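Asker: What would the 3D arrangement of this be:
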Amino acid sequence: MIFDRQETYLFKFRAYMMAAVYPLQALIDKPVYFYHWLENTVSAQQEILAENASLRVRQLLLQAKLQRLLAIERENSHLRELLNSSSHLTGDVVVAQLSSVEIDPLTREVTLDKGEHDRVFVGQPVLDAYGVFGQVIAVGPFSSKVLLINDGRSAIPVQNNRNGLRSVVAGTTFMDRLILLNMPVTVDIKEGDIFVTSGLGGRFPFGYPVGRVVSVKKKSTGRFADIQLQPSANLDSSRLVMLIWPSGD
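Answerer: Residues are numbered from 1 along each chain as shown. Below you'll find the predicted structure:
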């Protein structure tokens, strides 16, 4: 080593030896390089997988928040519609929320979060932002049960908004169908006619929308026409409704 430091003529020989040894050194280093490359690759892949999982969780949370915001927006829109409708009503009005829905397919009843404590009474009219929703049939201290107008037990005196013709609308248990009872085949009723409460019977005040005629079938062999209406109220989607106290109650 001392000789090598002092003499320069061995530089070329040393260079030849390093060149000869380099392939062997490279071959020895290959497994080490491969191990480090594999370690870095696996580590990066794990980081990517962890980041993807975190992003998926965040996406789900954001989607849930978005759906909640959309629901709140729909509810606020519905509240605005209720407030707009209530401005046309006479008497006191209280907004109630559905707390449960009857699961029996042949029964159309819902439960509201208002009861005797809120002066709710049996027979009280219930509306949503678009029309007659039903009437109260049972009252508890803090809740009440409502029979929807499409229930088979429901019947409401109505009149045609176009010509004043009076009739009775009954439920069919189908969510989107009502029928007019005992209307002769000669009756002047057309598709698109709007029927409102007539005020007769002392239950529903005059003028609240009940339904729109969607089908008029007059059989030549029968005495009565088959007339079907679509309810004005959103019976299958409204969560907020109005309990009304007509003037004088």
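
Asker: Residue 111 belongs to a strand?
Answerer: Yes - Residue 111 sits within a strand when classified using DSSP: H, G, I helix; E, B strand; the rest coil.

Asker: In three-state terms, label the residue nearest to it when sequence neighbours are not counted for me.
Answerer: Excluding its sequence neighbours, the residue lying closest to residue 111 (CB to CB, 6 or more residues apart in numbering) is residue 100, at 4.4 Å. Bear in mind the C-beta positions are built from the backbone N, C-alpha and C, glycine included. Put simply, residue 100 is strand when judged by three-state DSSP.

Asker: Next, work out how far apart residue 100 and residue 122 are.
Answerer: 19 Å (CB to CB, to the nearest Å).

Asker: can you check residue 113 too?
Answerer: Counting by CB to CB, the gap from residue 113 to residue 122 is 17 Å.

Asker: Residue 54 now?
Answerer: Counting by CB to CB - residue 54 and residue 122 are separated by 56 Å.

Asker: Repeat that for residue 130.
Answerer: Distance of residue 130 to residue 122, given as CB to CB: 24 Å.

Asker: Please, which helix or strand holds residue 244?
Answerer: strand 240-245 (DSSP states H and E).

Asker: and that strand, what does it pack onto?
Answerer: If contacts are counted by 3 or more CB pairs under 8 Å, 6 or more residues apart in numbering; DSSP states H and E, strand 240-245 sits against helix 11-86, strand 92-101, strand 125-127.

Asker: same thing but at 6 Å, please
Answerer: Contacts defined by 3 or more CB pairs under 6 Å, 6 or more residues apart in numbering; DSSP states H and E place strand 240-245 against strand 92-101, strand 125-127.

Asker: now for the ones you listed, which one comes closest to residue 141?
Answerer: Nearest of those to residue 141, taken as CB to CB: strand 92-101 at 13.6 Å.

Asker: quick one: strands adjacent to the closest one?
Answerer: Its sheet considered, strand 92-101 pairs with strand 109-112 (antiparallel), strand 240-245 (antiparallel) by DSSP bridges.

Asker: Select, out of those strands, the one closest to residue 204.
Answerer: Nearest to residue 204, of all the strands paired with strand 92-101, is strand 240-245, at 9.3 Å by CB to CB.

Asker: Walk me through the domains of the chain.
Answerer: Following automatic domain parsing, one finds the domains of the chain at 1-87, 91-249.

Asker: rank those by pLDDT, which is bottom?
Answerer: Per-segment mean pLDDT for the domains of the chain reaches its minimum on domain 1-87, at a mean of 64.

Asker: Skipping adjacent residues, who's closest to residue 107 in space?
Answerer: Spatial nearest neighbour of residue 107, excluding adjacent residues (CB to CB, 6+ apart): residue 151 at 6.7 Å.

Asker: oh sorry, the question was meant for residue 138
Answerer: Nearest residue to residue 138, sequence neighbours excluded (CB to CB, 6+ apart): residue 145, at 4.1 Å.

Asker: element containing the one you found, please.
Answerer: Here residue 145 is assigned to strand 144-148, by DSSP H and E.

Asker: picking that back up, what's opposite the residue nearest to residue 138 in the beta bridge?
Answerer: In this entry, residue 145 is beta-bridged to residue 111, residue 138, by DSSP bridges.

Asker: quick revisit: out of the helices and strands packed on strand 240-245, deepest packed?
Answerer: Ranked by mean neighbour count, the helices and strands packed on strand 240-245 are led by strand 125-127 with a mean of 25 (mean count of other CB atoms under 10 Å).

Asker: strands paired with that one, and their directions?
Answerer: Sheet pairing of strand 125-127 (DSSP bridges) gives strand 132-139 (antiparallel), strand 240-245 (antiparallel).
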